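Colleague: kindly generate the corresponding structure for this input.
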Amino acid sequence: MPALTSPHRRPATALVAVAVLIALIALIGPLTAAARRSAASSPVRVVPTSVKGSDGKTYTATNHLVTADPGTGAHRREWLLAWTGAETAGGIESAPSHRHGASPAATTGQTPPDFMAVIDATKGSRTYGRVVNTVTLGPLVKGEPHHMQYVWHKGNRVFAGTMFTDTTYVFDVAKLPELKLTGINLSRDTPCGSVPDAFWTTKDGSAYGSYLGGPDVSGPCRYTNGETREGNGFAGSPGELVRIGTDGRTVSETPAAIAAAENPAKCHNAPALPKASCANPHGIQAREDLNRLVMSDFAEVRNYLDPDTKLTDPTLLRNTVRIFDIADRARPRLLSVSHLPTGPRVDKLPAFDEDRMVMETSVTQLPAHRGAFASTMAGGAVFYTPDITARAPKWREIFDSTAAYRRLGLDPPLTGSNAGSSWLQITPDDRYLFQAVMGSDPRVPLKQNSGMVFVLDVRKLLRSGKDPRCSIDRLGEITRGGSEPDCPALLDAQQIKGGIGGPQGRVGIGPHWGAMDNFRPGPDGYYRETDQIRRIVTSDYFVAQAGIDGDHKICMTDFDPARGLSLDLSFRDENNGTPCLDFDRQQWPHGSWGHARPHGVLFAVADADVR
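Modeller: I've put the predicted structure just below:
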């Protein structure tokens, strides 16, 4: 169970709140027990869907809908999608199988399917947090489901990528909780890139995808715009930007690498390329009104999964951000490549310097703003540039995760160094910035490691326009936050400990990925999109093959600008009744397949229920 500790700023009335909470839990217990009994006895309706791939083969996505009335007390509901990988037999198994008993898949040798879980996310529902559908995929298995798009809007398809099978699935979610597979993009459809990571949907319903890895085959590859780059193979370098239509077909492949060699001292490749490149894009977000798209480079992923390589050559952990012109949506043009600055923290391992592993980026939304944020997984820092339309954007460090750990009373031993900073997202009103932190430093014992979510108030920083003053450039600012008046204010931090590591149990993580709830029910019962975010969801799983697994839980966190962050204790597992939804279970709507690994998460509502 995630730790509820947040030792800073707790009012005297907390004792009263605790008493009320105990009473509520006593009341909720019997209700959740009844809901669990109902779920166990509910029949399942199977609805298959399929598409033909470009290879002529049939690919399936089969719904397993729990047909009992979810009992929400309202006709219209909100849903949470969780893009989930099976804990497969063989290879690297996660620690939960040893903690809770081996899964049927592990003992029988059968390969369980990857799936999309559909969860009741209607707050106040009797079955809030219940898995009401699992959409299993076939025939591809062991895909390592990763991310979807960051935000879903009415009418959007859902784009969901699998890293290891190099495939992107496209789902129609108009009739939630039922899903329909409407497209598939196979490895053969993106020969110049591999390992799809994240997606950004545009107003026409299509999507841009960041592909972390290099061409499927080593050597030169010709992109759809006529350019050629030489790559070192699958999951290597350079990655690319892919435009995918609503039918799943590739519209265009654009190289993420410049034509010339990038800085050879800062960009290594293994094996080496004739022209060095740091192009391994992970985070991806766009401003259509500005005709700009921003991608952040993470790591040469094939070598990152090799622990010896990633620690001996820190340059394989990238420190670059790329900006594209997307005025012609089908033909993006790479405009700039920026190296993030190093900060004042000096680590014994250069791989954990502040600028290393730029996992995520988040663009501002309002017309008055043109800035973007980026955060680093190994460096544990947040960076900002005020103008993504500038010819040569200048980035500055504006926050170190050490300050958030200090707020929680966990510094020392925990600092921003290899903190595992991951999901990063600014609210649609450009007021607050959320950051999920795994807490994945292998140098810290498992029992001391901890993840968290923190939120920054960035209004002063954005009001500074094109000339911000904030800069974390002195040692004291690492723990205190920036000293300049326009630096972000740490509004709150919530500890989510996690506690399961990789095959040796050596790294325990908290939240890796997340999503904002951008919907709110109106007085007429219909949902509407809102820019006032009051709830986020996070998932505790990274990539087991990297030696960083997780406890396979999904947690809901409430947000109030006046009160901060608080774990939603009513979002409880339907089987064990504890807060957060536990994917380490034996039984699913699609059968007794055992533990699973949830990664990407996304809020959505049936089209008919959104105004």
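Colleague: for Phe234, name its beta-bridge partners.
Modeller: Taking DSSP bridges as the rule, Phe234 bridges to Gly214.
Colleague: quick one, what contacts it?
Modeller: Shown in contact with Phe234 (CB atoms under 8 Å, 6 or more residues apart in numbering): 166, 194-195, 213-217, 302. C-beta: built from backbone N, CA, C; applies to glycine.
Colleague: could the residues you listed go into a markdown table alongside pLDDT?
Modeller: Output for these, formatted as a markdown table (pLDDT from 0 to 100):
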| residue | pLDDT |
| --- | --- |
| Asp166 | 97 |
| Ser194 | 98 |
| Val195 | 97 |
| Gly213 | 97 |
| Gly214 | 97 |
| Pro215 | 98 |
| Asp216 | 96 |
| Val217 | 96 |
| Arg302 | 92 |
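Colleague: show me what the host helix or strand of Asp558 is packed up against.
Modeller: According to DSSP states H and E, Asp558 maps onto strand 553-560. The helices and strands touching strand 553-560, judged by 3 or more CB pairs under 8 Å, 6 or more residues apart in numbering; DSSP states H and E, are strand 489-496, strand 535-539, strand 564-567, strand 581-582, strand 596-604.
Colleague: at 6 Å instead, please
Modeller: Contacts defined by 3 or more CB pairs under 6 Å, 6 or more residues apart in numbering; DSSP states H and E place strand 553-560 against strand 535-539, strand 564-567.
Colleague: show residues contacting it.
Modeller: Outside strand 553-560, the residues within contact range by CB atoms under 6 Å, 6 or more residues apart in numbering are 2, 494, 496, 534-540, 565-568, 571, 580-582, 598.
Colleague: which of the residues you listed are buried?
Modeller: When neighbours are counted using 16 or more other CB atoms under 10 Å, the contacts of strand 553-560 contain these buried positions: 2, 494, 496, 535-540, 565, 567-568, 571, 580-582, 598.
Colleague: export the helices and strands packed on strand 553-560 as JSON lines, with columns for mean pLDDT.
Modeller: As requested, the helices and strands packed on strand 553-560 are exported to JSON lines (pLDDT from 0 to 100):
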{"stretch": "strand 535-539", "mean pLDDT": "98"}
{"stretch": "strand 564-567", "mean pLDDT": "97"}
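Colleague: assumed Ala404 was part of a strand.
Modeller: No. Applying DSSP: H, G, I helix; E, B strand; the rest coil, one finds Ala404 to be helix, outside a strand.
Colleague: now for it, how many residues are close by?
Modeller: By other CB atoms under 10 Å, 30 other residues sit near Ala404.
Colleague: ok, it to Leu456 distance?
Modeller: Applying CB to CB, to the nearest Å, the value for Ala404 to Leu456 is 9 Å.
Colleague: next, the buried residues of stretch 309-322.
Modeller: Buried-residue list, stretch 309-322, by 16+ other CB under 10 Å: 310, 313-322.
Colleague: which one of those is nearest Asn418?
Modeller: For the buried residues of stretch 309-322, the residue nearest Asn418 by CB to CB is Leu317; the value is 10.3 Å.
Colleague: and the residue nearest the centre of this structure?
Modeller: Among the residues of the chain, the one closest to the centroid is Trp513, at 3.2 Å (CA atoms, centre = their mean).
Colleague: beta partners of that one?
Modeller: For Trp513, the beta-bridge partners under DSSP bridges are Ser539.
Colleague: no further queries at this time; thank you.
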